[in-house]
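# Model the following, please.
(2 chains)
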Amino acid sequence: AQSVTQPDIHITVSEGASLELRCNYSYGATPYLFWYVQSPGQGLQLLLKYFSGDTLVQGIKGFEAEFKRSQSSFNLRKPSVHWSDAAEYFCAVVGYGGSQGNLIFGKGTKLSVKP
Amino acid sequence: DAGVIQSPRHEVTEMGQEVTLRCKPISGHDYLFWYRQTMMRGLELLIYFNNNVPIDDSGMPEDRFSAKMPNASFSTLKIQPSEPRDSAVYFCASSFIGGREKLFFGSGTQLSVL
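Predicted coordinates for the structure are as follows:
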């Protein structure tokens, strides 16, 4: 069965510093991979997605993620964090060939930003 | 478009009472999802619909939970009877092409069962 692991529950970075949030997935074939962001009291918003092709994908708000099949990873990065990036970030996977609706989320990483 | 609309925003009820959560998806979206979010279990997919038909309800925790989608613009998630362990944030989301495309989430319903 497919699954997603986000090893870091909570990360704190200084404003202007770089950011990397980790995500590992488990799936036997080519996955569809996503990063969503949730601000307090809000629903989730899509940051970026990967289906195939270039393994480095660009998203909104200056975020990017790199798909590494050999490591079963899809880490999210941002070169310079802004205070408004403080939120909870979720990695998610849908299996190719699997159920269209079977989008599985990781447990999330909460990002705090120090001034 | 107003986005996915959920009501109520907050619901406080007593154990044993019936609870009904409502969702209006974005017009034209073929898929509708119900998720539950808790600190312990994260985001869990409860059920999803395609063209108003329930496709996978394997995430529904038990028979106390039921979901319907009588038409393309409305869905309900009902809990009867409610229990304290049902306390969570319930999200509705919709999309054009299922989970492989962008999901649009509502703002959620915060349910507290006392």
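
# Return the residues in contact with B:Glu18.
B:78-82 (Cβ atoms under 8 Å, 6 or more residues apart in numbering or on different chains). Using the backbone N, CA and C atoms, a C-beta is placed for each residue, glycine as well.

# Next step: those restricted to strands.
Among the contacts of B:Glu18, the members found in strands (DSSP state E) are B:78-79.

# Mark which of the contacts of B:Glu18 are buried, thanks.
The neighbour count (16 or more other Cβ atoms under 10 Å in any protein chain shown) marks B:79, B:82 as buried among the contacts of B:Glu18.

# Quick check: the two most widely separated of the contacts of B:Glu18?
Using Cβ to Cβ, the two most remote members of those are B:Lys78 and B:Pro81, lying 10.6 Å apart.

# Once you drop chain neighbours, what's closest to A:Gly59?
Closest residue to A:Gly59 apart from its sequence neighbours, by Cβ to Cβ, 6 or more residues apart in numbering or on different chains: A:Leu48 at 2.8 Å.

# quick one on the thing from earlier: how about the contacts of B:Glu18 in JSON lines, adding pLDDT and distance to B:Ile26?
Shown next, in JSON lines, are those (pLDDT from 0 to 100; distance: Cβ to Cβ, whole Å):
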{"residue": "B:Lys78", "pLDDT": "98", "distance to B:Ile26": "22"}
{"residue": "B:Ile79", "pLDDT": "97", "distance to B:Ile26": "25"}
{"residue": "B:Gln80", "pLDDT": "97", "distance to B:Ile26": "28"}
{"residue": "B:Pro81", "pLDDT": "96", "distance to B:Ile26": "32"}
{"residue": "B:Ser82", "pLDDT": "96", "distance to B:Ile26": "28"}
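
# Could you measure from the residue nearest in space to the middle of chain B over to A:Thr109?
Centroid-nearest residue in chain B: B:Trp34, 3.3 Å away (criterion: Cα atoms, centre = their mean). Using Cβ to Cβ, to the nearest Å, one obtains 24 Å as the distance from B:Trp34 to A:Thr109.

# How about the residues of chain A by chain B?
A:32, A:36, A:41-46, A:49, A:51, A:90, A:94, A:99-108 (Cβ under 8 Å from any Cβ of the partner chain).

# ok, of the residues you listed, which come out buried?
Here, 16+ other Cβ under 10 Å leaves A:32, A:36, A:43-46, A:49, A:90, A:94, A:99-108 buried among the residues of chain A next to chain B.
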